[in-house]
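# any chance you could fold what I've pasted below:
(one chain, ligands or ions: 3)
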Amino acid sequence: MEPELKLPDFTIVDLEDLAGGVTLFEVRAPRIAARHRAGQFVMVRPRPTSERIPLTIAAVDRDLGTITLVVQSVGRTTMDMCAGFKRGDRFANVAGPLGNPTHIGIPGKPEDYRGTVVCVAGGIGAAPIAPIVRAFREAGHEVITILGARRADLVILEDWLAFHSSQLVVTTDDGSMGRKGFVTDVLREVIEARREGASKVELAVAIGPPIMMKMCSKTTEPYGVPTLVSLNTIMVDGTGMCGGCRVRVGGESKYVCVDGPEFEGHEVDWDGMMQRQAMYKAEEAESLERWKSANSACTDSACKAMAAAGSVASSG
Ligand code: FAD
Ligand code: FES
Ligand code: MG
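Numbering: from 1, shown residues only. Ligands and ions are numbered 1, 2, ... in the order given. Purely as a prediction, here's the structure:
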């Protein structure tokens, strides 16, 4: 008798609202959980009729066979995910893990070298940076994490990051939580305070909106601190075939999905990347409007929270 073809079910085993328009999903995906390493992502198609979108794996539980995704509502597909799914529902498919894992070490230093690493997360960047913080700490590095958001109610995963970091500094633009100001102010101070000796900052990792990653790279450049950034270009297939995620790095064309997603921030053509990211703004807005008018779910809390958080405007 022919063996039965058992398809993975991608059931949402847990779901939690983390902040205005940000939802955490724990999804059954045992094969992906078993193979995942820090820095990798998945391509998710929430419904059979949806587009595919890239989302970073924020955590895995290999015993339960689950992966954790943290999704910010910024447009049609993410809004559908955050407002239209509940515990027990299933995503149509989840492909991965994709992309190169983060190299957990200091560039140019031997594997057993233990330098200080500063991890900087902006907004939703707290989720993708979480497994990287943990991996550097478990490898024996001192890890200083700087977590920035516009307001206190948009700060996510601070307890998790505090637990896994040697030190956590929270900043908000309006001073409603932690220090008032930008992550780059703290990044500069930390580098300045540790310019010599064993605690010298040897590597920065920055994940968040492109403008924030650009500014972090500009901050570290004069100090010669290598800076890893995880690029969030538009992706269609996630496997190097469509060219949608093309970006210039060090004067060469790279595909973020197969050559990245992490690159040296000092070499990225940020303006080119941001231009390409905004290429379909008009179509995205039209698609969101059509989805809103077709879905009563848009009166739900996720949609209201998204509007209150202004996440459409801040998505790059
Ligand atoms: P749309 O209205 O279609 O687009 C809003 C904006 O999102 C666009 O202007 C564009 O800048 C960007 N975008 C649109 N389509 C895509 C696409 N197919 N691929 C990438 N960006 C797109 N977001 C999270 O909330 N959590 C994550 O963990 C996360 N990880 C990511 C990891 C990678 C490697 C990349 C490349 C992106 C990641 N993103 C993550 C961003 C997320 O994929 C986009 O926010 C999402 O695709 C927007 O889809 P939409 O239909 O809701 O919005
Ligand atoms: Fe198609 Fe990278 S997403 S080439
Ligand atoms: Mg979309």
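# against A294, how distant is the residue of the stretch 1-150 of the chain found nearest ligand 1?
Closest residue of the stretch 1-150 of the chain to ligand 1, Cβ to the nearest ligand atom: G75 (2.0 Å). (Glycine included, C-beta is placed from N, CA and C.) Distance of G75 to A294, computed by Cβ to Cβ, to the nearest Å: 15 Å.
# the more surrounded of these two?
More crowded of G75 and A294, by other Cβ atoms under 10 Å: G75, with 21 against 9.
# that one contacts R290, correct?
No: between G75 and R290 there is no contact under Cβ atoms under 8 Å: 11.7 Å.
# buried ones in the helix or strand where R134 lies?
Assigned by DSSP states H and E, R134 belongs to helix 126-138. For helix 126-138, a neighbour-count test (16 or more other Cβ atoms under 10 Å) marks A126, A127, P128, I129, A130, P131, I132, V133, R134, A135, F136, R137 as buried.
# quick one on the thing from earlier: can you check the pLDDT for the residue of the stretch 1-150 of the chain closest to ligand 1?
What the model reports for G75 is a pLDDT of 95.
# with R47 instead?
R47 is given a pLDDT of 95.
# for it, which non-adjacent residue is spatially closest?
A92 (5.4 Å; Cβ to Cβ, 6 or more residues apart in numbering).
# could you report the neighbour count for that neighbour?
A92, neighbours per other Cβ under 10 Å, totals 13.
# quick check: phi and psi at it.
phi -60, psi -50 (degrees, to the nearest 10).
# what's the pLDDT at it?
96.
# can you pull the pLDDT of the residue nearest the centre of the chain?
For the chain, the residue lying nearest the average C-alpha position, counting by Cα atoms, centre = their mean, turns out to be P128 (3.5 Å). Listed pLDDT for P128 reads 95.
# now swap in A309 and tell me
On the pLDDT scale, A309 gets 47.
# likewise L64?
The confidence metric pLDDT takes the value 95 at L64.
# what's the answer for A285, then?
On pLDDT, A285 comes in at 93.
# which helix or strand contains it?
Per DSSP H and E, A285 falls inside helix 281-294.
# run the chain-centre distance for that helix.
Centroid displacement of helix 281-294 relative to its chain, using Cα atoms, centre = their mean, to the nearest Å, is 24 Å.
# do the same with stretch 222-233
14 Å.
# for it, list the C-alpha coordinates in PDB.
Listed next in PDB are the C-alpha coordinates belonging to stretch 222-233 (Å, rounded to 0.1, in the frame of the first residue of the first chain):
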ATOM      1  CA  PRO A 222      34.000  56.400  12.700                       C
ATOM      2  CA  TYR A 223      34.900  53.900  15.500                       C
ATOM      3  CA  GLY A 224      35.600  51.100  13.100                       C
ATOM      4  CA  VAL A 225      33.100  48.800  14.900                       C
ATOM      5  CA  PRO A 226      31.800  46.200  12.400                       C
ATOM      6  CA  THR A 227      28.000  46.400  12.300                       C
ATOM      7  CA  LEU A 228      25.700  43.600  11.200                       C
ATOM      8  CA  VAL A 229      22.300  44.600   9.900                       C
ATOM      9  CA  SER A 230      19.400  42.400   8.900                       C
ATOM     10  CA  LEU A 231      17.800  43.800   5.700                       C
ATOM     11  CA  ASN A 232      14.000  43.800   5.300                       C
ATOM     12  CA  THR A 233      13.700  44.100   1.500                       C
END
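# close to ligand 1, is it?
Yes: judged by Cβ under 6 Å from any ligand atom, stretch 222-233 comes into contact with ligand 1 at N232, T233.
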